[in-house]
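Asks: Here's a sequence, model it:
(one chain, ligands or ions: 2)
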Amino acid sequence: MQTVRPSRLSFSRGSGQLPYVCGMVENNQALMKRVYFQPGGREITSRDGETVLSAALRQGLVFPHSCRSGNCDTCHARLISGEIAPGATPQVEPDTHTRRPGAILLCQAVPLSDVVIEAHELEAMAGMQVRTLSARVLDLEPLTRNVTALTLGLAKGRGTLEFCAGQYVDLLLWDHRRRSYSIASSPTDPEVIELHVRRIPGGRFSDQELRTLKPRNVLPVMGPLGTFFLRDDPRPTIFVAAGTGLAPVAAMMEDLRKRGTRRQIQLYWGVHSQEDLYRLDQIGIWEQELGLEFAPVLSEPGPGWGGRCGLVHEAVLAEHADLSRMQVYASGYSEMVAAVRASFLRHGLQADALHCESFGHAVD
Ligand SMILES: Cc1cc2nc3c(=O)[nH]c(=O)nc-3n(C[C@H](O)[C@H](O)[C@H](O)COP(=O)(O)OP(=O)(O)OC[C@H]3O[C@@H](n4cnc5c(N)ncnc54)[C@H](O)[C@@H]3O)c2cc1C
Ligand code: FES
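Replies: Ligands and ions are numbered 1, 2, ... in the order given. Down below sits the predicted model:
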């Protein structure tokens, strides 16, 4: 795909005038920019160098987002007027919507002037408080040859992490890098969270730092983040998870259990081989208590495997050629999520029925 990176993106349209003009500003406010959202009419300020998404989250406004690294396109929006710094234009092939003039990514857009932006707030998450909390390692449990369950206890009395099942946290590393991990445990016990970390050979956190972590070590976390959460939607639900993409699904299942909610649900879980499957006892409980239909899919099955084989998204399509009446939650490595996006809409899935969490790697 050819990508054109403008040096600056600047728009001014008749319909998009700022609601008022700033008069004299105090020196300490001179670097603040006003960000006005249409059609909701909400207004926030962004600090010098702050992205629109960070500024919005800081002020309790939530727009759809996932990677916060410019990789997944979830936060696409449109600049109506004003000027933003370079690097805010989408870098991925448009597939779920038509790319229009002024297309920007809220997680990359840093206002250089007051701006007007067309973006749709997620009202279901309004007021979400993103906090930085001090966590303590409680346990490290090997789940497979390369996946570890990392259990963290959050300091009591310093604010709790109120999250929706499916959201993620950032681990803040000592060298100012951040790494994102989906919370695999239920939000009903927000003081203890479980993360499933897959080891990436040579990876800064998942290989190097995780090896050295011990119970009682302190690890700052920031969250909750992301807008991957269960919608109140009666359509039959298909979860498609790849590898540790099971983590946010596990949180959702536990949440459904705790709330005693039943829906028609299927889980397709793609891993390489049989030894990569974990927490099968917990999945058995979801089958019994939630009526879940569970379908493991192996891309490299060993001898004796009689179940589904191949790529997980293809296994779904083999059994659901028409997805027009379903809703889909897809989570895991970015290639799988991209394949789901590209193929499921062609099989009739409505754009508003597809929810994704793409585990793209961090841009340091
Ligand atoms: C919203 C979100 C949620 C996430 N949730 C989870 C989760 O629940 N569990 C989980 O295990 N991971 C999850 N990730 C991925 C995670 O944040 C890290 O990117 C991953 O653990 C690698 O970090 P690292 O520091 O070990 O490797 P890095 O130091 O970042 O990378 C080392 C090398 O490996 C490559 N690399 C990084 N990630 C991958 C990858 N996935 N596949 C192939 N090569 C890669 C990099 O290009 C780099 O060359 C999530 C990512 C996002 C954006
Ligand atoms: S591109 Fe902005 S959240 Fe992924």
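Asks: D364 contacts R177, correct?
Replies: Yes. If you go by CB atoms under 8 Å, D364 and R177 touch, sitting 5.1 Å apart. Backbone N, C-alpha and C define where each C-beta goes, glycine included.
Asks: For the chain, what lies in contact range of ligand 2?
Replies: Residues of the chain lying near ligand 2 by CB under 6 Å from any ligand atom: 65-68, 70-75, 105, 107.
Asks: Make JSON lines out of these and add secondary structure.
Replies: Putting those into JSON lines (DSSP: H, G, I helix; E, B strand; the rest coil) gives the following:
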{"residue": "H65", "secondary structure": "coil"}
{"residue": "S66", "secondary structure": "coil"}
{"residue": "C67", "secondary structure": "coil"}
{"residue": "R68", "secondary structure": "coil"}
{"residue": "G70", "secondary structure": "coil"}
{"residue": "N71", "secondary structure": "coil"}
{"residue": "C72", "secondary structure": "coil"}
{"residue": "D73", "secondary structure": "coil"}
{"residue": "T74", "secondary structure": "coil"}
{"residue": "C75", "secondary structure": "coil"}
{"residue": "L105", "secondary structure": "strand"}
{"residue": "C107", "secondary structure": "coil"}
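Asks: Write the ChimeraX selection for whichever of these are buried.
Replies: Those of the residues of the chain next to ligand 2 that count as buried under 16 or more other CB atoms under 10 Å are selected in ChimeraX with:
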select :65,66,67,68,70,71,72,73,74,75,105,107
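Asks: how about a markdown table for the residues of the chain next to ligand 2, with pLDDT added?
Replies: Shown next, in a markdown table, are the residues of the chain next to ligand 2 (pLDDT from 0 to 100):
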| residue | pLDDT |
| --- | --- |
| H65 | 94 |
| S66 | 92 |
| C67 | 90 |
| R68 | 90 |
| G70 | 87 |
| N71 | 84 |
| C72 | 86 |
| D73 | 85 |
| T74 | 89 |
| C75 | 93 |
| L105 | 93 |
| C107 | 94 |
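Asks: near ligand 1 too, which of the residues of the chain next to ligand 2?
Replies: Counting by CB under 6 Å from any ligand atom, the members of those near ligand 1 are 66-67.
Asks: wait, which of the residues of the chain next to ligand 2 is closest to R235?
Replies: Checking these against R235 by CB to CB gives T74 as the nearest, at 20.4 Å.
Asks: Ignoring the adjacent residues along the chain, who's closest to the closest one?
Replies: Nearest non-adjacent residue to T74, counting by CB to CB, 6 or more residues apart in numbering: S66, 4.3 Å away.
Asks: who touches the one you found in this structure?
Replies: 72, 74-75, 226-228, 356-358 (CB atoms under 8 Å, 6 or more residues apart in numbering).
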